[in-house]
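A.B. asks: Take this sequence and fold it.
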Amino acid sequence: MTKKITKLLALAAAMAAMGSAHADINVGVTVSATGPAASLGIPEKNTIALMPTTIAGQKINYIVLDDASDTTQAVANTRKLISEHKVDVVLGSTVTPNSLAMIDAVSEASTPMISMAASARIVEPVDAKKRWVFKTPQNDIMMALAIATHMQSQGVKTAGYIGFADAYGEGWYNEFNKIASLKGITIIANERYNRTDTSVTGQVLKLVAAKPDAILIGASGTPAALPQKTLKERGYTGKYYQTHGVANNDFLRVGGKDVEGTFLPSGPVLVASQLPNDNPVKKSALAYIATYEAANGKGSVSTFGGHAWDAGMLLQAAVPVALKKGAQPGTPAFRAALRDALESTKDVAGAHGVFNMSPTDHLGLDQRARVMVKIENGAWKYQP
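C.D. replies: Prediction:
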(Lines give C-alpha, C1' and ligand atoms only; values in the text may rest on other atoms or scores of the structure.)
Protein backbone atom coordinates (compact mmCIF):
# COMPACT_ATOMS: atom_id res chain seq x y z
CA MET A 1 0.00 0.00 0.00
CA THR A 2 2.83 2.38 0.91
CA LYS A 3 4.51 1.77 -2.45
CA LYS A 4 1.24 2.38 -4.27
CA ILE A 5 0.67 5.66 -2.42
CA THR A 6 4.26 6.69 -3.16
CA LYS A 7 3.76 6.01 -6.85
CA LEU A 8 0.49 7.95 -6.89
CA LEU A 9 2.15 10.89 -5.15
CA ALA A 10 5.02 10.80 -7.64
CA LEU A 11 2.57 10.69 -10.53
CA ALA A 12 0.62 13.60 -9.10
CA ALA A 13 3.82 15.60 -8.65
CA ALA A 14 4.88 14.86 -12.22
CA MET A 15 1.50 15.93 -13.56
CA ALA A 16 1.63 19.12 -11.51
CA ALA A 17 5.07 19.87 -12.87
CA MET A 18 3.84 19.29 -16.41
CA GLY A 19 0.88 21.56 -15.81
CA SER A 20 3.13 24.26 -14.43
CA ALA A 21 5.46 24.05 -17.43
CA HIS A 22 2.48 24.15 -19.74
CA ALA A 23 1.32 27.33 -18.03
CA ASP A 24 4.54 29.20 -18.83
CA ILE A 25 4.21 31.97 -21.39
CA ASN A 26 6.91 31.70 -24.04
CA VAL A 27 8.00 34.94 -25.71
CA GLY A 28 10.07 34.53 -28.86
CA VAL A 29 12.45 37.33 -29.80
CA THR A 30 14.47 37.91 -32.97
CA VAL A 31 16.70 40.98 -33.04
CA SER A 32 19.56 42.21 -35.21
CA ALA A 33 22.31 41.89 -32.60
CA THR A 34 24.98 41.58 -35.30
CA GLY A 35 25.31 42.92 -38.85
CA PRO A 36 24.64 46.46 -40.12
CA ALA A 37 21.74 47.04 -37.69
CA ALA A 38 23.65 45.86 -34.60
CA SER A 39 23.69 49.33 -33.02
CA LEU A 40 19.90 49.09 -32.95
CA GLY A 41 19.56 45.42 -32.07
CA ILE A 42 22.05 45.24 -29.19
CA PRO A 43 20.16 47.71 -26.94
CA GLU A 44 16.95 45.86 -27.80
CA LYS A 45 18.53 42.57 -26.74
CA ASN A 46 19.83 44.20 -23.55
CA THR A 47 16.34 45.50 -22.82
CA ILE A 48 14.73 42.08 -23.19
CA ALA A 49 16.96 40.97 -20.30
CA LEU A 50 15.30 43.61 -18.10
CA MET A 51 11.73 42.49 -18.74
CA PRO A 52 9.70 40.81 -15.99
CA THR A 53 9.93 37.02 -15.69
CA THR A 54 6.45 36.87 -14.14
CA ILE A 55 3.27 38.61 -15.29
CA ALA A 56 -0.05 38.10 -13.50
CA GLY A 57 1.43 35.12 -11.66
CA GLN A 58 2.55 33.38 -14.87
CA LYS A 59 6.20 32.60 -15.54
CA ILE A 60 7.53 34.26 -18.69
CA ASN A 61 10.30 32.62 -20.73
CA TYR A 62 12.17 34.75 -23.28
CA ILE A 63 13.85 32.89 -26.15
CA VAL A 64 16.18 35.37 -27.88
CA LEU A 65 17.70 34.73 -31.31
CA ASP A 66 19.98 36.90 -33.48
CA ASP A 67 18.96 37.40 -37.11
CA ALA A 68 22.24 39.17 -37.99
CA SER A 69 20.31 41.97 -39.77
CA ASP A 70 19.37 39.41 -42.45
CA THR A 71 15.83 39.03 -43.77
CA THR A 72 16.10 35.31 -44.50
CA GLN A 73 17.47 34.60 -41.03
CA ALA A 74 14.72 36.67 -39.41
CA VAL A 75 12.09 34.49 -41.10
CA ALA A 76 13.97 31.31 -40.16
CA ASN A 77 14.17 32.48 -36.53
CA THR A 78 10.45 33.25 -36.51
CA ARG A 79 9.50 29.82 -37.83
CA LYS A 80 11.87 28.16 -35.34
CA LEU A 81 10.41 30.10 -32.42
CA ILE A 82 6.90 29.11 -33.45
CA SER A 83 7.48 25.46 -34.38
CA GLU A 84 10.18 24.42 -31.90
CA HIS A 85 9.70 26.74 -28.95
CA LYS A 86 5.90 27.00 -29.24
CA VAL A 87 5.97 30.72 -28.44
CA ASP A 88 2.79 32.62 -27.61
CA VAL A 89 4.07 35.88 -29.13
CA VAL A 90 7.01 37.04 -31.26
CA LEU A 91 8.90 40.28 -30.58
CA GLY A 92 10.93 41.68 -33.48
CA SER A 93 12.60 42.24 -35.68
CA THR A 94 14.81 45.30 -35.41
CA VAL A 95 14.53 46.57 -38.98
CA THR A 96 11.70 47.06 -41.46
CA PRO A 97 12.71 44.53 -44.18
CA ASN A 98 13.01 41.75 -41.59
CA SER A 99 9.72 42.61 -39.94
CA LEU A 100 7.85 42.73 -43.24
CA ALA A 101 9.24 39.33 -44.19
CA MET A 102 8.10 37.81 -40.89
CA ILE A 103 4.42 38.68 -41.34
CA ASP A 104 3.54 35.58 -43.37
CA ALA A 105 5.10 33.27 -40.78
CA VAL A 106 3.22 34.71 -37.80
CA SER A 107 -0.09 35.06 -39.59
CA GLU A 108 0.05 31.46 -40.87
CA ALA A 109 0.63 30.32 -37.28
CA SER A 110 -1.96 32.74 -35.82
CA THR A 111 0.69 34.07 -33.44
CA PRO A 112 0.79 37.75 -32.43
CA MET A 113 3.90 39.73 -33.27
CA ILE A 114 5.15 43.07 -31.93
CA SER A 115 7.71 44.62 -34.28
CA MET A 116 10.42 47.04 -33.19
CA ALA A 117 10.80 48.49 -36.69
CA ALA A 118 9.40 51.76 -38.01
CA SER A 119 7.60 51.44 -41.33
CA ALA A 120 3.83 51.86 -41.25
CA ARG A 121 3.64 49.09 -43.87
CA ILE A 122 4.33 46.59 -41.09
CA VAL A 123 0.88 47.20 -39.61
CA GLU A 124 -1.09 49.00 -42.31
CA PRO A 125 -3.63 48.24 -43.52
CA VAL A 126 -4.91 45.91 -40.80
CA ASP A 127 -5.94 43.01 -43.02
CA ALA A 128 -6.25 39.24 -42.49
CA LYS A 129 -2.47 38.90 -42.09
CA LYS A 130 -1.62 42.11 -40.29
CA ARG A 131 -4.36 41.67 -37.72
CA TRP A 132 -1.71 39.56 -35.94
CA VAL A 133 0.96 42.27 -36.16
CA PHE A 134 1.62 45.26 -33.89
CA LYS A 135 4.60 47.61 -33.55
CA THR A 136 6.06 50.13 -31.13
CA PRO A 137 8.20 52.65 -33.14
CA GLN A 138 6.58 55.81 -34.42
CA ASN A 139 5.27 55.70 -38.00
CA ASP A 140 7.42 57.30 -40.68
CA ILE A 141 4.64 59.74 -41.63
CA MET A 142 4.54 61.11 -38.07
CA MET A 143 8.28 61.75 -38.16
CA ALA A 144 8.27 62.97 -41.78
CA LEU A 145 5.69 65.59 -40.81
CA ALA A 146 7.95 66.76 -37.98
CA ILE A 147 10.89 67.09 -40.39
CA ALA A 148 8.94 68.90 -43.10
CA THR A 149 7.40 71.28 -40.58
CA HIS A 150 10.85 72.05 -39.17
CA MET A 151 12.28 72.55 -42.67
CA GLN A 152 9.48 75.01 -43.44
CA SER A 153 10.26 76.95 -40.26
CA GLN A 154 13.91 77.10 -41.35
CA GLY A 155 13.03 78.55 -44.75
CA VAL A 156 13.84 75.40 -46.73
CA LYS A 157 12.34 75.48 -50.24
CA THR A 158 14.22 72.62 -51.94
CA ALA A 159 15.37 69.30 -50.53
CA GLY A 160 17.50 66.35 -51.56
CA TYR A 161 17.00 62.80 -50.38
CA ILE A 162 19.32 59.81 -50.02
CA GLY A 163 18.12 56.64 -48.33
CA PHE A 164 18.59 52.91 -48.03
CA ALA A 165 17.82 50.88 -51.15
CA ASP A 166 15.26 48.80 -49.24
CA ALA A 167 11.83 49.07 -47.66
CA TYR A 168 13.06 51.52 -45.01
CA GLY A 169 14.57 53.98 -47.48
CA GLU A 170 11.70 53.69 -49.95
CA GLY A 171 9.08 54.03 -47.22
CA TRP A 172 10.72 57.16 -45.90
CA TYR A 173 10.97 58.74 -49.33
CA ASN A 174 7.31 58.06 -50.02
CA GLU A 175 6.19 59.60 -46.73
CA PHE A 176 8.49 62.61 -47.02
CA ASN A 177 7.44 63.14 -50.64
CA LYS A 178 3.77 63.22 -49.58
CA ILE A 179 4.25 65.86 -46.92
CA ALA A 180 7.00 68.02 -48.46
CA SER A 181 4.80 69.56 -51.14
CA LEU A 182 2.18 70.46 -48.54
CA LYS A 183 4.89 72.44 -46.74
CA GLY A 184 6.06 74.22 -49.90
CA ILE A 185 9.18 72.06 -50.30
CA THR A 186 10.28 70.62 -53.65
CA ILE A 187 12.41 67.46 -53.72
CA ILE A 188 15.01 68.02 -56.44
CA ALA A 189 17.29 64.99 -55.93
CA ASN A 190 16.56 61.40 -54.92
CA GLU A 191 19.31 58.78 -54.38
CA ARG A 192 19.71 55.31 -52.80
CA TYR A 193 22.50 53.17 -51.32
CA ASN A 194 22.85 49.78 -49.64
CA ARG A 195 23.28 49.33 -45.90
CA THR A 196 26.60 47.55 -46.48
CA ASP A 197 28.05 50.07 -48.98
CA THR A 198 31.41 51.64 -48.14
CA SER A 199 31.16 54.47 -50.68
CA VAL A 200 28.35 56.77 -51.82
CA THR A 201 30.47 59.23 -53.77
CA GLY A 202 28.44 58.96 -56.98
CA GLN A 203 25.15 59.61 -55.24
CA VAL A 204 26.57 62.47 -53.21
CA LEU A 205 28.00 64.22 -56.26
CA LYS A 206 24.52 64.26 -57.79
CA LEU A 207 23.05 65.67 -54.57
CA VAL A 208 25.68 68.40 -54.32
CA ALA A 209 25.19 69.34 -57.97
CA ALA A 210 21.45 69.80 -57.38
CA LYS A 211 22.19 72.38 -54.64
CA PRO A 212 19.17 71.72 -52.37
CA ASP A 213 18.60 73.88 -49.30
CA ALA A 214 18.52 70.74 -47.12
CA ILE A 215 19.18 67.02 -47.43
CA LEU A 216 17.27 64.26 -45.63
CA ILE A 217 19.09 60.96 -45.10
CA GLY A 218 16.58 58.10 -44.90
CA ALA A 219 18.72 55.53 -43.13
CA SER A 220 19.26 54.00 -39.70
CA GLY A 221 22.06 53.03 -37.36
CA THR A 222 25.71 53.74 -38.05
CA PRO A 223 25.38 53.22 -41.86
CA ALA A 224 23.39 56.48 -41.87
CA ALA A 225 26.60 58.40 -41.15
CA LEU A 226 28.22 57.50 -44.49
CA PRO A 227 26.25 59.88 -46.76
CA GLN A 228 26.60 62.75 -44.32
CA LYS A 229 30.35 62.32 -43.92
CA THR A 230 30.70 62.16 -47.71
CA LEU A 231 28.52 65.24 -48.18
CA LYS A 232 30.73 67.12 -45.74
CA GLU A 233 33.85 66.00 -47.62
CA ARG A 234 32.33 67.26 -50.87
CA GLY A 235 31.58 70.66 -49.36
CA TYR A 236 27.81 70.58 -48.97
CA THR A 237 26.88 73.41 -46.59
CA GLY A 238 23.09 73.18 -46.48
CA LYS A 239 20.98 71.84 -43.63
CA TYR A 240 21.17 68.16 -42.68
CA TYR A 241 18.27 66.03 -41.48
CA GLN A 242 18.26 62.41 -40.35
CA THR A 243 15.42 60.11 -39.34
CA HIS A 244 14.75 58.69 -35.88
CA GLY A 245 16.66 55.63 -37.09
CA VAL A 246 19.94 57.24 -35.95
CA ALA A 247 18.94 58.16 -32.42
CA ASN A 248 21.69 56.35 -30.55
CA ASN A 249 25.17 57.18 -29.30
CA ASP A 250 26.88 54.88 -31.81
CA PHE A 251 25.73 57.24 -34.56
CA LEU A 252 27.28 60.18 -32.70
CA ARG A 253 30.51 58.24 -32.29
CA VAL A 254 30.77 57.22 -35.93
CA GLY A 255 29.56 60.54 -37.31
CA GLY A 256 31.76 62.69 -35.08
CA LYS A 257 32.13 66.32 -36.12
CA ASP A 258 30.45 65.62 -39.47
CA VAL A 259 27.02 65.23 -37.86
CA GLU A 260 27.17 68.42 -35.79
CA GLY A 261 24.12 70.61 -36.36
CA THR A 262 21.96 67.77 -37.69
CA PHE A 263 18.22 67.87 -37.01
CA LEU A 264 16.09 64.77 -36.47
CA PRO A 265 12.77 63.71 -34.99
CA SER A 266 12.92 61.28 -32.09
CA GLY A 267 10.94 59.57 -29.43
CA PRO A 268 10.92 61.53 -26.14
CA VAL A 269 13.24 59.04 -24.42
CA LEU A 270 16.26 60.46 -26.27
CA VAL A 271 16.02 63.78 -24.42
CA ALA A 272 13.74 62.79 -21.53
CA SER A 273 15.64 64.76 -18.87
CA GLN A 274 15.35 67.95 -20.98
CA LEU A 275 11.58 67.73 -21.43
CA PRO A 276 9.26 70.04 -19.47
CA ASN A 277 7.79 68.41 -16.40
CA ASP A 278 4.28 68.48 -17.84
CA ASN A 279 5.29 66.32 -20.81
CA PRO A 280 3.05 63.20 -20.53
CA VAL A 281 5.87 60.81 -21.50
CA LYS A 282 8.67 62.21 -19.32
CA LYS A 283 7.99 60.04 -16.26
CA SER A 284 7.74 56.73 -18.12
CA ALA A 285 10.73 57.58 -20.33
CA LEU A 286 12.88 58.39 -17.30
CA ALA A 287 11.80 55.13 -15.65
CA TYR A 288 13.12 53.15 -18.62
CA ILE A 289 16.37 55.12 -18.69
CA ALA A 290 16.95 54.48 -14.98
CA THR A 291 16.31 50.75 -15.37
CA TYR A 292 18.51 50.36 -18.45
CA GLU A 293 21.43 52.42 -17.13
CA ALA A 294 21.37 50.63 -13.77
CA ALA A 295 22.11 47.43 -15.67
CA ASN A 296 24.31 48.73 -18.48
CA GLY A 297 26.01 51.89 -17.22
CA LYS A 298 25.33 55.61 -17.28
CA GLY A 299 24.86 57.03 -20.76
CA SER A 300 24.27 53.60 -22.31
CA VAL A 301 20.55 54.00 -23.02
CA SER A 302 19.25 53.98 -26.60
CA THR A 303 15.94 54.90 -28.16
CA PHE A 304 15.95 51.52 -29.91
CA GLY A 305 16.02 49.70 -26.62
CA GLY A 306 13.03 51.85 -25.75
CA HIS A 307 11.05 50.22 -28.56
CA ALA A 308 11.73 46.82 -27.01
CA TRP A 309 10.74 48.18 -23.58
CA ASP A 310 7.46 49.41 -25.00
CA ALA A 311 6.78 45.96 -26.47
CA GLY A 312 7.25 44.63 -22.95
CA MET A 313 4.91 47.25 -21.53
CA LEU A 314 2.24 46.20 -24.02
CA LEU A 315 2.68 42.57 -22.96
CA GLN A 316 2.36 43.51 -19.28
CA ALA A 317 -0.95 45.18 -20.09
CA ALA A 318 -2.27 42.46 -22.41
CA VAL A 319 -1.25 39.22 -20.68
CA PRO A 320 -3.53 39.61 -17.62
CA VAL A 321 -6.48 40.38 -19.92
CA ALA A 322 -5.73 37.33 -22.09
CA LEU A 323 -5.39 35.04 -19.06
CA LYS A 324 -8.85 36.05 -17.84
CA LYS A 325 -10.29 34.43 -20.97
CA GLY A 326 -9.41 31.08 -19.43
CA ALA A 327 -7.21 29.74 -22.23
CA GLN A 328 -3.90 28.10 -21.29
CA PRO A 329 -0.61 29.56 -22.59
CA GLY A 330 0.81 27.44 -25.36
CA THR A 331 -2.55 26.99 -27.07
CA PRO A 332 -4.11 28.63 -30.15
CA ALA A 333 -6.89 29.95 -27.93
CA PHE A 334 -4.41 31.81 -25.72
CA ARG A 335 -2.56 33.27 -28.70
CA ALA A 336 -5.88 34.54 -30.07
CA ALA A 337 -6.82 35.97 -26.68
CA LEU A 338 -3.43 37.71 -26.44
CA ARG A 339 -3.90 39.20 -29.91
CA ASP A 340 -7.31 40.53 -28.89
CA ALA A 341 -5.90 41.93 -25.65
CA LEU A 342 -3.07 43.73 -27.45
CA GLU A 343 -5.59 45.29 -29.82
CA SER A 344 -7.61 46.66 -26.90
CA THR A 345 -4.75 48.12 -24.82
CA LYS A 346 -5.42 51.67 -23.66
CA ASP A 347 -3.33 54.39 -22.00
CA VAL A 348 -0.16 52.30 -21.77
CA ALA A 349 2.65 54.74 -20.96
CA GLY A 350 5.95 53.62 -22.45
CA ALA A 351 9.39 55.01 -23.09
CA HIS A 352 8.31 56.61 -26.36
CA GLY A 353 4.68 57.53 -25.92
CA VAL A 354 1.22 56.56 -24.73
CA PHE A 355 -0.29 53.57 -26.58
CA ASN A 356 -3.97 53.29 -27.44
CA MET A 357 -4.51 50.37 -29.82
CA SER A 358 -7.67 49.65 -31.82
CA PRO A 359 -8.84 47.22 -34.53
CA THR A 360 -7.68 49.72 -37.17
CA ASP A 361 -4.57 51.07 -35.40
CA HIS A 362 -1.90 48.56 -34.34
CA LEU A 363 0.58 51.26 -33.34
CA GLY A 364 -1.58 53.43 -31.14
CA LEU A 365 0.76 56.41 -30.76
CA ASP A 366 -0.10 60.07 -31.25
CA GLN A 367 1.92 63.28 -31.49
CA ARG A 368 3.02 62.91 -27.87
CA ALA A 369 5.46 60.30 -29.19
CA ARG A 370 7.76 62.69 -31.03
CA VAL A 371 10.07 65.62 -30.41
CA MET A 372 12.61 67.46 -32.58
CA VAL A 373 16.27 67.16 -31.63
CA LYS A 374 19.51 68.82 -32.76
CA ILE A 375 23.01 67.42 -32.43
CA GLU A 376 25.07 70.01 -30.53
CA ASN A 377 28.59 69.48 -29.20
CA GLY A 378 28.32 65.75 -29.74
CA ALA A 379 25.08 65.46 -27.75
CA TRP A 380 21.31 65.46 -28.27
CA LYS A 381 19.62 68.83 -27.69
CA TYR A 382 15.83 69.08 -27.32
CA GLN A 383 14.24 71.63 -29.67
CA PRO A 384 11.08 73.11 -28.06
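A.B. asks: alpha carbons only for contacts and neighbour counts from here, please
C.D. replies: OK.
A.B. asks: What residues are bridge-paired with Asn190?
C.D. replies: Partner residues in beta bridges with Asn190, using DSSP bridges, are Tyr161.
A.B. asks: same check, this time on Tyr241
C.D. replies: Each beta-bridge partner of Tyr241 is listed here: Leu216, Phe263, as defined by DSSP bridges.
A.B. asks: hang on, it packs against Ile215?
C.D. replies: Yes: between Tyr241 and Ile215 there is a contact under C-alpha atoms under 8 Å: 6.1 Å.
A.B. asks: Settle it for me: which of these two has more neighbours?
C.D. replies: Comparing Tyr241 with Ile215 by neighbour count (other C-alpha atoms under 10 Å), the higher total belongs to Ile215, at 27 against 24.
A.B. asks: so that one sits right up against Ala159, yeah?
C.D. replies: Yes: at 5.4 Å, Ile215 counts as touching Ala159 under the criterion of C-alpha under 8 Å.
A.B. asks: what residues does stretch 268-284 touch?
C.D. replies: Where contact means C-alpha atoms under 8 Å, 6 or more residues apart in numbering, the residues beyond stretch 268-284 that reach it are 247, 285-286, 289, 302-303, 306, 349-354, 368-371, 373, 380-382.
A.B. asks: what about 7 Å?
C.D. replies: 285-286, 303, 349-353, 369-371, 380, 382 (C-alpha atoms under 7 Å, 6 or more residues apart in numbering).
A.B. asks: which of the residues you listed count as buried?
C.D. replies: By the neighbour-count criterion of 16 or more other C-alpha atoms under 10 Å, those include these buried positions: 285-286, 303, 349-353, 369-371, 380, 382.
A.B. asks: min pLDDT across those, which one?
C.D. replies: The pLDDT minimum for the buried ones among the contacts of stretch 268-284 sits at Thr303, where the score is 92.
A.B. asks: ok, that residue to Lys239 distance?
C.D. replies: Summarising the geometry, the distance separating Thr303 from Lys239, computed by C-alpha to C-alpha, to the nearest Å, is 23 Å.
A.B. asks: coming back round to it: return the subset of the buried ones among the contacts of stretch 268-284 lying in strands.
C.D. replies: The members of the buried ones among the contacts of stretch 268-284 that map onto strands under DSSP state E are Ala349, Val371, Trp380, Tyr382.
A.B. asks: In CSV, list these along with distance to Leu314.
C.D. replies: As requested, these are arranged in CSV below (distance: C-alpha to C-alpha, whole Å):
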residue, distance to Leu314
Ala349, 9
Val371, 22
Trp380, 27
Tyr382, 27
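A.B. asks: from the residues you listed, which single one is nearest Ala56?
C.D. replies: Taking C-alpha to C-alpha as the measure, Ala349 is the one of those closest to Ala56, at 18.4 Å.
A.B. asks: does Glu260 really touch Ile375, like I thought?
C.D. replies: Yes: Glu260 is in contact with Ile375 according to C-alpha atoms under 7 Å; the separation is 5.4 Å.
A.B. asks: what sits against the residue most central in space within the chain?
C.D. replies: Centroid-nearest residue in the chain: Met116, 2.8 Å away (criterion: C-alpha atoms, centre = their mean). Taking C-alpha under 7 Å, 6+ apart as the criterion, Met116 is in contact with Gly92, Ser93, Thr94, Lys135, Thr136, Pro137, His307, Ala308.
A.B. asks: repeat that for 6 Å
C.D. replies: Gly92, Ser93, Thr94, Lys135, Thr136, His307 (C-alpha atoms under 6 Å, 6 or more residues apart in numbering).
A.B. asks: before we move on, back to that, pick out the most distant pair among the buried ones among the contacts of stretch 268-284.
C.D. replies: Checked with C-alpha to C-alpha, the buried ones among the contacts of stretch 268-284 reach their widest spread between Ala349 and Trp380, with 22.7 Å between them.
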